[in-house]
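Trainee: Okay, structure incoming, though there's no sequence with it:
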């Protein structure tokens, strides 16, 4: 059986979008992912703040890494995010995804997105379906 890090390696190496975001992995574990990245100017919208899709995609990557870490392929079936504070160019952010519930077919995860100073900037919730296919 592959370790969580081996599984996330396989995912990340094929994930051009997570690579474009500049995601750095801090810790991979069963049902857990801790990642970080820095906001760049091309990630900002017309208001001069980070586009909501960036923090959404960042949290979604943490969800994917955490939910697939058990060795079964998982796909999201429902996700949502609450944006609490704006992000700006050069901000460093981190996301921690934690498994809250896991059954044979369904998993529920919560992801907190925080600035490097610890300020909570977004809360993300994701439900995944375990396909039954091994990694």
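Mentor: Yes, it's here. Only a predicted model underlies this, so the values are computations on that prediction, with no experimental measurement involved.
Trainee: Contacts only, for residue 78.
Mentor: For residue 78, the contact set (Cβ atoms under 8 Å, 6 or more residues apart in numbering) comprises 126, 127. The way it works is simple: take the backbone N, C-alpha and C, and place the C-beta from them, glycine included.
Trainee: partners of the helix or strand hosting it, with directions?
Mentor: Here residue 78, judged by DSSP states H and E, is contained in strand 72-83. When sheet partners are counted by DSSP bridges, strand 72-83 sits next to strand 120-134 (antiparallel).
Trainee: From the chain's centroid, how far away is the strand holding residue 78?
Mentor: When C-alpha coordinates are averaged (Cα atoms, centre = their mean, to the nearest Å), strand 72-83 and its chain have centres 9 Å apart.
Trainee: which other residues reach the helix or strand just after that strand?
Mentor: Read in the C-terminal direction, the helix or strand following strand 72-83 is strand 92-102, with elements assigned using DSSP H and E. The contact list for strand 92-102, computed with Cβ under 8 Å, 6+ apart, reads 26, 30-39, 55, 58-59, 61-63, 65-67, 70, 87, 107-116, 121, 124, 126.
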